[in-house]
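Participant: With the input below, show me the fold.
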Amino acid sequence: MRVRFRFSKLGKVRFTSHRDLARMWERAFRRVALPLAYTQGFSPRPRVSFGLALPTGAESVAEYLDVELAEGTTAEIPGLAGRLTPALPAGVDVMAAAVVEDGASSLQHEVTSCSWLVETAGLTPGQLEARVATALAAESLVISRERKGQRSEQDVRPGILCCEVDGTILAAELAAQPRALRPSELLVALADGLEEVRVRRTSQWIQRDGARREPIWLLSDATDAPHVIPRAS
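Facilitator: Sure, this is the predicted structure:
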């Protein structure tokens, strides 16, 4: 059985790295004695896979990880969210648990875009709105990107799917395929000197049967962290 969890990462824990967060989850699974499946080989590891990595320092109400349970496990899925949250650091709350459909792809492959709220500094609301309008009207927006120590010039305009302005806050949907566009790169594309104050991921989106949806729907506002148990895509 593969179980998917949706969780939030808010407050000071946002400065925890992706690797350290993975260790926190492993400790939480041990504390609640969740029977995980393990890899084969000299150094077995629990079969746990995260969704798209969150930039260190960013908050989120839409993080995901998939966990494969040991064969024959009859865990009470409805109670897992409530059991795991107290075993995790303050700021990490499990919002939903769902059994993953047989044959479903990994989140790394399925997530096509993410929604973000980005609080900015360096431009007035009017200047920011003008910059966004100019960027959305442009055919290309070329920035310098670094990958594995190599810098290259790339057009990131196709990765900006939507961008709206509310004061100094951007509400943007950025592509995750074929390469994810980060909020920090969006700001570089918009204007020199535009600074990132606070970032929050609010949704991760997949395509299913021609429609866009989240891997796990929540029955109420994400900030309420309800313990819902839908079936994951």
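
Participant: Against which helices or strands is the helix or strand bottoming out on mean pLDDT in the chain packed?
Facilitator: When the helices and strands of the chain are compared on mean pLDDT, DSSP states H and E, helix 77-84 comes out lowest with a mean of 82. On a contact count with 3 or more C-beta pairs under 8 Å, 6 or more residues apart in numbering; DSSP states H and E, helix 77-84 meets strand 2-9, strand 92-99. Where you see a C-beta, it was placed from the backbone N, CA and C, and this is true even at glycine.

Participant: To Ala53, which of these lies closest?
Facilitator: strand 2-9 (11.5 Å; C-beta to C-beta).

Participant: how far does stretch 193-205 sit from the chain's center?
Facilitator: Relative to its chain's centre, stretch 193-205 lies at 11 Å (C-alpha atoms, centre = their mean, to the nearest Å).

Participant: How is the closest residue to Tyr38 other than its chain neighbours assigned, secondary-structure-wise?
Facilitator: The spatially closest residue to Tyr38, leaving aside those adjacent along the chain, is Pro44, at 4.1 Å (C-beta to C-beta, 6 or more residues apart in numbering). Classification of Pro44 by DSSP: H, G, I helix; E, B strand; the rest coil places it in coil.

Participant: beta partners for the residue nearest the centre of the chain?
Facilitator: A centroid search over the chain (C-alpha atoms, centre = their mean) returns Glu63, at 4.3 Å, as the residue closest to the centre. Bridge pairing for Glu63 (DSSP bridges) gives the partners Phe7.

Participant: Give me the buried positions along the least confident helix or strand of the chain.
Facilitator: Under the neighbour-count criterion of 16 or more other C-beta atoms under 10 Å, helix 77-84 has 80-81, 83-84 buried.

Participant: Out of the residues you listed, which comes closest to Lys148?
Facilitator: Leu84 (34.8 Å).

Participant: Leaving out the residues flanking it, which one is nearest to that closest one?
Facilitator: Computed as C-beta to C-beta, 6+ apart, the closest residue to Leu84 that is not its neighbour in sequence is Val94, at 4.7 Å.

Participant: What confidence value was assigned to the one you found?
Facilitator: pLDDT, Val94: 94.

Participant: Verify the contact between it and Gly79 for me.
Facilitator: No. Using C-beta atoms under 8 Å, Val94 is not in contact with Gly79; the gap is 10.9 Å.

Participant: just to revisit the earlier point, got the angle between the least confident helix or strand of the chain and strand 2-9?
Facilitator: 40 degrees (axes from the mean of the first three to the mean of the last three C-alpha atoms, to 10 degrees).

Participant: Next, the angle from helix 77-84 to strand 92-99.
Facilitator: 160 degrees.

Participant: How far away from the center of its chain is helix 77-84?
Facilitator: The answer for helix 77-84 is 21 Å, by C-alpha atoms, centre = their mean.

Participant: how does this structure divide up, domain by domain?
Facilitator: 2-108+215-224, 109-212 (automatic domain parsing).

Participant: quick one: the first one to chain centroid distance?
Facilitator: Which is domain 2-108+215-224. For domain 2-108+215-224, the distance to the chain centre is 12 Å (C-alpha atoms, centre = their mean).

Participant: Setting aside sequence neighbours, what's the nearest residue to Arg213?
Facilitator: Per C-beta to C-beta, 6+ apart, closest to Arg213 is Ile206, 6.3 Å.
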